[in-house]
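**Student:** model the following, please.
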Amino acid sequence: MAFARRYLPSLSLLQAFEAVIRTGSTVAAARELNLTQGTVSRLVQSLEAQLGTPLFLRQRKRLHPTDAALAYAEDIRRGLDAIGRATLRLTASPGGGTLALAILPTFGTHWLAPRLPGFLKQNPGITINLATRLRPFDFEAEGFDAAIHFGGPTWPRAEHLTLFHERVIAVCSPEFLARHAVARAGDLPGLPLLQLETRPQAWQVWLDHHGAAGSAPRGMVFDQFATMMQAAIHGIGVALLPAFLAGPALADGILVRAFGDAVPGGGSYHLVWPEGRGDPAPLAAFRDWLAAECAGL
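**Tutor:** Residues are numbered from 1 along each chain as shown. Predicted structure coming up:
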């Protein structure tokens, strides 16, 4: 590490360079960093001198980043993000009891959040920082300690704990069902079927499970379950929702079953964490608590 540090630029140089790349000009970067344009220009020039290579082509008083500079900026941005997350963890919990967790938006809002007070009560020294992510990411690039995702246990370079297998229910508003008679599963393809962007085959799997012939029709597409549920509540169509999400709405009567009981949803929810990082106490406590919460689900 001593050898590498000889070539490590100062944080001020890297921040100025990254800001210029991201904002597109030294003027905008200076405004963001609360510096003068001249200072930002000198910082960039100092970085170029230290690296021994030009990062920008200067044409008509404008800076045009080289291809190498754009690639370098991506690496620097990840590094700055990691430093920021580490600082947030330390300041939020000086004792080191912090867990940076990536979650799925709907799962986090409707399943995890209502249960978190119980965890925090059992573990008063631990702070959990939450961030939503809809798609898989690289643990090394984003710096999370763990993530909760849906699908199979296939996250690269990670260990996992399966929480529970998803089951989905076909639901709609009471008013919608009153307007559309549904006597069998085969009646649903003739109705507006709401779909999730990340699960284009969900309705086809549901129809196959119920022995309904024909292909699933097209319908409105949503990027999150929560938005799709609201559309169903307001009578736009029939939605396939996870049982944990549909349950409270069914109990309140604002949604009803369109047809059938809950069926397998084609995947499971998993807690995943990077392999080879040991077993930090906050992660171990959260994993044990999740395992107990999901027992029997």
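
**Student:** next, count neighbours for Ala291.
**Tutor:** When counting by other Cβ atoms under 10 Å, one arrives at 13 neighbours for Ala291. All C-beta spots, glycine's among them, are computed from the backbone N, C-alpha and C.

**Student:** surely it and Thr162 touch.
**Tutor:** No: in this structure, Ala291 is not within contact of Thr162 by Cβ atoms under 8 Å, at 9.6 Å.

**Student:** shared neighbours, these two?
**Tutor:** Residues touching both Ala291 and Thr162 (Cβ atoms under 8 Å, 6 or more residues apart in numbering): none.

**Student:** tell me the contacts of Val272?
**Tutor:** Contacts for Val272 (Cβ under 8 Å, 6+ apart) come out as Ala146, Ala147, Ile148, His149, Pro153, Trp155, Ala158, Glu159, His160, Leu161.

**Student:** please list only the buried members of these.
**Tutor:** Among the contacts of Val272, those classed as buried by neighbour count (16 or more other Cβ atoms under 10 Å) are Ala146, Ala147, Ile148, His149, Trp155, Ala158, Glu159, His160, Leu161.

**Student:** could you pull up the residues touching the third one?
**Tutor:** Under the criterion of Cβ under 8 Å, 6+ apart, the contact list for Ile148 reads Leu101, Ala102, Ile103, Leu104, Phe107, Gly108, Leu112, Leu163, Tyr269, His270, Leu271, Val272.

**Student:** just give me the closest of these to Asp67.
**Tutor:** In terms of Cβ to Cβ, no member of the contacts of Ile148 lies closer to Asp67 than Ala102, at 30.4 Å.

**Student:** so the closest one bridges to which residues?
**Tutor:** Beta-bridge partners recorded for Ala102 (DSSP bridges): Ala131, Ala147.

**Student:** separation between it and Tyr269?
**Tutor:** Going from Ala102 to Tyr269 by Cβ to Cβ, to the nearest Å gives 13 Å.

**Student:** reformat the buried ones among the contacts of Val272 as TSV; add pLDDT.
**Tutor:** TSV is the format used below for the buried ones among the contacts of Val272 (pLDDT from 0 to 100):
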residue	pLDDT
Ala146	95
Ala147	95
Ile148	95
His149	91
Trp155	87
Ala158	91
Glu159	93
His160	94
Leu161	95
